[in-house]
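**Student:** Any chance you could fold what I've pasted below:
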Amino acid sequence: MPESHPRRDDAGQPVIFTAPSTPTPLSCWDDPTTIARVVPDGPLPERLNGLALPPGSPQGSDDANWRLTLPPLAIVPGKAPAAGAVVMEPDGRVWVIHPSNAFGGYRATFPKGKQEPGLSLEQTAIKETFEEAGLVIALTRWLIDVPRSSSVCRYFLARRLGGSPADMGWESQAVSLVPIARLDEVLHHPNDQPLREALRHV
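**Tutor:** Here you go, the predicted model:
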């Protein structure tokens, strides 16, 4: 179990875990009723739901069904636009990240980040999911817009195209695959409550 992240932060400094996450046995990845968890560079099965789990590249697909008319993102004074993704597997589970050292008070949450200049919200969701969860994704549709602590975040539903959660960047100390019915066991921050409710109707 690593005591520090194998990848350094944006300033080139090591990320030391105050409470390292514990990976689950490999058998958990094949059981759709079970929560499966991997730590940075940890072991994974070769395939999941028929799709390989090799290391990916940051280029995801942003030309899927989200090219529909989307509602405008609400402008809230003092809150920046952001985007994230709920990546769903065919077995009914979704991918959740565990921010390093519970950053921002989040023991677990969905990958997301503030919009950078020159990037659309769709591109932001794809980029953040790759950086925080190691996954290459295709967005499938808009899910919900959620006001958060310092942002208004647009969440998309997405499907995995490739990548490996073991390649998570330094901002995550673990990545889990969680049955939707068990999200309450891992998502405890009140900012994620609207997402849990929205996923009950997907």
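
**Student:** Let me see the ranges of the helices in the protein.
**Tutor:** Ranges of helices in the chain, per DSSP state H, are 121-133, 193-199.

**Student:** in stretch 37-50, what counts as buried?
**Tutor:** The neighbour-count criterion (16 or more other Cβ atoms under 10 Å) identifies Arg37, Val38, Val39, Pro40, Gly42, Leu44, Leu48 as the buried residues of stretch 37-50. In this view, the C-beta of every residue, glycine as well, is placed from N, C-alpha and C.

**Student:** so can I have a markdown table of those showing pLDDT and distance to Asp10?
**Tutor:** Putting the buried residues of stretch 37-50 into a markdown table (pLDDT from 0 to 100; distance: Cβ to Cβ, whole Å) gives the following:
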| residue | pLDDT | distance to Asp10 |
| --- | --- | --- |
| Arg37 | 98 | 25 |
| Val38 | 98 | 23 |
| Val39 | 97 | 21 |
| Pro40 | 96 | 16 |
| Gly42 | 96 | 23 |
| Leu44 | 96 | 26 |
| Leu48 | 96 | 29 |
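
**Student:** Which two among the residues you listed are spaced furthest apart?
**Tutor:** Pro40 and Leu48 (17.7 Å; Cβ to Cβ).

**Student:** returning to that earlier point: which of the buried residues of stretch 37-50 lies closest to Arg182?
**Tutor:** Closest to Arg182 out of the buried residues of stretch 37-50 is Arg37 (12.4 Å), distances taken as Cβ to Cβ.

**Student:** Identify the residues contacting the closest one.
**Tutor:** Residues in contact with Arg37 (Cβ atoms under 8 Å, 6 or more residues apart in numbering) are Ser21, Thr22, Pro23, Thr24, Cys28, His98, Ala174, Val175, Ser176, Leu177.

**Student:** so where's this protein uncertain?
**Tutor:** For the chain, applying pLDDT under 70 flags the ranges 1-2, 56-69.
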